[in-house]
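Student: Predicted model, plus sequence, below.
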Amino acid sequence: MNKMPKKSSSYWLQNKQRSYEPLKKDIDCDICIVGGGIVGITSAYLLTKLHYKVVLIDEGQVLSKTTGHTSAKMTVQHGVKYSELIQNLGENEAKAYYEMNRTALEWMKEKIISDNLDCDYAEEAAYVYALTESGLESLEAEYEAYNTLGIDGTFERDLPFNIEVKGALKLEEQGRFHPVKYCKALLEQAINRGLKVYEETTAVNILDGEQQLVQTTSDYKIKANDVLITSHYPFYEGKGMYMMYMMRMYPERSYVLCIKPKADLSKGMYINVESPARSVRKIDINGESALLIVGEEHRTGDNINTMEKYDALYQFAVEQFGIEKIYARWSTQDMMTVSGMPYIGPLTRKDEHILVATGFNKWGMTNGTAAARLLVDYITKQPIGSRQVFHPKHTYILRRFKAFAKQNKDVVAHLVKGKFEKGQVEIDELQKNEAKIIRVDGERKGVYKNEVGDIFFVDTTCTHIGCEVNWNEAEKTWDCPCHGSRFSYDGEVLEGPAEKPLQTYDYKMIDNFLSKDSGY
């Protein structure tokens, strides 16, 4: 019962979801929202309540990406965030970040309680804890930041479960919930007020004029006064890629085990200061107490054995709680910004009717809700006040030049890396359910053999900007390290910003390549 599941499958998505038709005609609306996660759905909920005519589209199924794979903590405690923001950006920016997330948390709680939303909500205390002396120093700096910003936290010397710590910071009145149930409830209310939802509808461009014209891969168009880009990574970056989002963010993956423990965790949500992360929180499954164990983060597309990440979480869970049963395993992807701040607001100075929300740095439940509320305030011309610091045009890059330069260097390195790698293996060495990189006529290719021996052959050059993808063993996907595009083993796009699948070849072509000196 405690064996690792063979396939990755989020517990949040195990119940059958309602499906929506793809867009099949040109349409007009007031607001077009691109992206069906917590930001897009919350925005739709708020805008339809204000009687706007709203259309929401998603390249796949709504809630199937980051929102459907989160750890779903409702908290303003984001690791040691506030000390880092004060040090890197300033006290005003840190205060604005806290206030925005605090009001978002309060709004979510009020909505769940007042509407009696069935989303497994429970109030919990949140803890960030230190295992090392260096971690304790970070924790003490964070406690000082709490005092500076007026955050009502307490310093604790131990935790209410069996782990030895150097100290912990505790915040009361935080929460946990089922993110898909919560968002589905908001979505249904928005649909009842006229929201139109289209799945399997990929936006590829925006043409501006008197109105915005969203173009899709199916050639159907959506005309709107305003466009909200709430997809995980902005599919459109403005004229001349002015904001260079691809140089200001990078994708990171984390891993989740959902277990029935032998030793129950009575209360609280926990995450450590050090890397790799070990995040723990309770979850209720069919009336039984279970745990989510989250962590082992790394940059998307790293050429590593990702199954080892699950193994590390498994060992942690065994040592700390014991495992009676593993319900599910899955991984999630987040966009990390070089400034540490999310980017929320008009896409560029020239694109005031195109707004974006991205870069939540793994804390998307409150940040995503806050982003939706801020986007709606931009649409309705409400005062933005201190939240102006989240505007994508803000000059944090200048203050974070080293981080910006490193991100640029990493993107360039990944563009070049792999172009000159030697192939790792010949095709006849492949085992079932295994993938490898090979060289054919000097070009880098990916080969995967499934459980019945069928072989799938793809070009490993990402169709976004040409970085080289790597194999993700745990998810059986080809992942791009530059901007987080992910492809199935047979090349189909699973997650953007890539819009086109990887180039594929049939087995006869492989035979032809193998019949000549192709330079493996």
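Tutor: On my side now, so go ahead.
Student: Low-confidence ranges, this protein, go.
Tutor: 1, 239-246, 394-428, 507-520 (pLDDT under 70).
Student: In it, which strand is the longest?
Tutor: Longest strand of the chain, by residue count under DSSP state E: strand 323-337.
Student: tell me which strands and helices that strand is in contact with?
Tutor: strand 249-261, helix 307-320 (3 or more C-beta pairs under 8 Å, 6 or more residues apart in numbering; DSSP states H and E). Yep, even glycine has a C-beta here, placed from its N, CA and C like the rest.
Student: Which of those sits closest to Q77?
Tutor: Closest to Q77 of those is strand 249-261 (C-beta to C-beta; 17.0 Å).
Student: hang on, the earlier thing: mind listing the strands the helix or strand that comes right after the longest strand of the chain pairs with, and their directions?
Tutor: Where DSSP states H and E defines the elements, the next helix or strand beyond strand 323-337 is strand 343-346. Strand pairing for strand 343-346, determined by DSSP bridges: strand 354-358 (antiparallel).
Student: send the alpha carbons of the partner strand over as CSV?
Tutor: C-alpha atoms of strand 354-358 as CSV (Å, rounded to 0.1, in the frame of the first residue of the first chain):
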residue,chain,number,x,y,z
ILE,A,354,-3.4,44.4,-22.0
LEU,A,355,-2.8,43.4,-18.4
VAL,A,356,-0.7,40.5,-17.0
ALA,A,357,-0.3,38.6,-13.7
THR,A,358,2.7,36.2,-13.3
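Student: Contacts for the helix or strand E188 falls within, please.
Tutor: Assigned by DSSP H and E, E188 belongs to helix 179-192. The contact list for helix 179-192 (C-beta atoms under 8 Å, 6 or more residues apart in numbering) reads 12-13, 15, 17-18, 37-38, 41-42, 44-45, 48-49, 54, 62-63, 67-68, 70, 72, 108, 111-112, 115, 117-121, 195, 197, 365.
Student: Weed out the non-buried ones from those.
Tutor: Listed as buried from these are 12-13, 37-38, 41-42, 44-45, 48, 54, 62-63, 67-68, 70, 72, 108, 111-112, 117, 119-121, 195, 197, 365; burial here means 16 or more other C-beta atoms under 10 Å.
Student: out of those residues, which are inside helices?
Tutor: Counting by DSSP state H, the part of the buried ones among the contacts of helix 179-192 found in helices is I38, I41, T42, A44, Y45, T48, M108, K111, I112, M365.
Student: how about stretch 365-380: buried residues?
Tutor: 365-379.
Student: And for stretch 126-141?
Tutor: The neighbour-count check on stretch 126-141 (16+ other C-beta under 10 Å) flags A126, Y127, V128, Y129, A130, L131, G135, L136, S138, L139, E140, A141 as buried.
Student: Please settle this for me: is the second one part of a strand?
Tutor: Yes - under the criterion used here (DSSP: H, G, I helix; E, B strand; the rest coil), Y127 sits inside a strand.
Student: give me every residue that touches it.
Tutor: Q77, E156, L159, A168, L169, K170, L171, G268, M269, Y270, I271.
Student: Quick check: of these, which lies closest to I206?
Tutor: Comparing the contacts of Y127 against I206 with C-beta to C-beta places Q77 closest, at 36.6 Å.
Student: wait, that closest one sits on Q174?
Tutor: Yes - using C-beta atoms under 8 Å, Q77 is in contact with Q174, at 6.6 Å.
Student: more crowded one of these two?
Tutor: Remark: of Q77 and Q174, Q77 carries more neighbours, 25 against 21, as counted by other C-beta atoms under 10 Å.
Student: measure the nearest residue to that one once chain neighbours are set aside to E144 for me?
Tutor: Nearest residue to Q77, sequence neighbours excluded (C-beta to C-beta, 6 or more residues apart in numbering): A126, at 4.3 Å. Relative to E144, A126 is positioned 18 Å away (C-beta to C-beta, to the nearest Å).
Student: Please tell me how far the residue nearest to Q77 sits from K267.
Tutor: Distance, A126 to K267, using C-beta to C-beta: 11 Å.
Student: Contact partners for the one residue sitting closest to the centre of the chain?
Tutor: Residue closest to the average C-alpha location in the chain (C-alpha atoms, centre = their mean): D334, at 3.1 Å. Residues near D334 by C-beta under 8 Å, 6+ apart: T66, P251, E252, R253, S254, F360, N361, K362, G364.
Student: Report how many residues lie close to I222.
Tutor: Count around I222 with other C-beta under 10 Å applied: 25.
Student: what helix or strand does it sit in?
Tutor: Here I222, judged by DSSP H and E, is contained in strand 221-229.
Student: Just checking: what are the partner strands of that strand?
Tutor: With DSSP bridges as the test, strand 221-229 pairs up with strand 27-34 (parallel), strand 212-216 (antiparallel), strand 354-358 (parallel).
Student: so which strand or helix has V458?
Tutor: Here V458 is assigned to strand 455-459, by DSSP H and E.
Student: where does that strand sit relative to the chain's centre, distance-wise?
Tutor: The gap between where strand 455-459 is centred and where its chain is centred comes out at 27 Å by C-alpha atoms, centre = their mean, to the nearest Å.
Student: which residues do Q77 and Q174 both contact?
Tutor: A126.
Student: Contacts for the following helix or strand past the strand holding V458, please.
Tutor: For strand 455-459, the following helix or strand on the C-terminal side (DSSP H and E) is strand 470-472. Strand 470-472 has contacts (C-beta under 8 Å, 6+ apart) with 301-303, 306, 418, 435-437, 446, 448, 460, 477-479, 481, 486.
Student: redo that, cut-off 6 Å
Tutor: With contact meaning C-beta atoms under 6 Å, 6 or more residues apart in numbering, strand 470-472 is reached by G301, N303, T306, A435, D479.
Student: ok, now stretch 85-101?
Tutor: With contacts defined as C-beta under 6 Å, 6+ apart, stretch 85-101 is touched by V76, Y82, A145, L149, G340, T366, A370, S386, R387, V389.
Student: wait, which of those is closest to Y220?
Tutor: For the contacts of stretch 85-101, the residue nearest Y220 by C-beta to C-beta is A370; the value is 32.0 Å.
Student: element containing the closest one?
Tutor: Under the criterion DSSP H and E, the helix or strand holding A370 is helix 364-379.
Student: Return the distance of that helix from the chain's centre.
Tutor: From the chain centre to the centre of helix 364-379 is a distance of 16 Å (C-alpha atoms, centre = their mean).
Student: And the contacts of it?
Tutor: Under C-beta under 6 Å, 6+ apart, the answer for helix 364-379 is 38-39, 42-43, 46, 74, 100-101, 104-105, 108, 226, 228, 342, 344, 355, 357, 360, 387.
Student: quick one on the thing from earlier: list only those of the contacts of stretch 85-101 flagged as buried.
Tutor: Neighbour-count burial (16+ other C-beta under 10 Å) is assigned, among these, to V76, Y82, A145, L149, G340, T366, A370, R387, V389.
Student: give me the element the third one is part of.
Tutor: Using DSSP H and E, A145 falls within helix 133-149.
Student: Could you export the contacts of stretch 85-101 as a markdown table, including distance to G238?
Tutor: Written out in a markdown table, the entries for those read as follows (distance: C-beta to C-beta, whole Å):
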| residue | distance to G238 |
| --- | --- |
| V76 | 31 |
| Y82 | 31 |
| A145 | 34 |
| L149 | 33 |
| G340 | 23 |
| T366 | 27 |
| A370 | 23 |
| S386 | 25 |
| R387 | 21 |
| V389 | 20 |
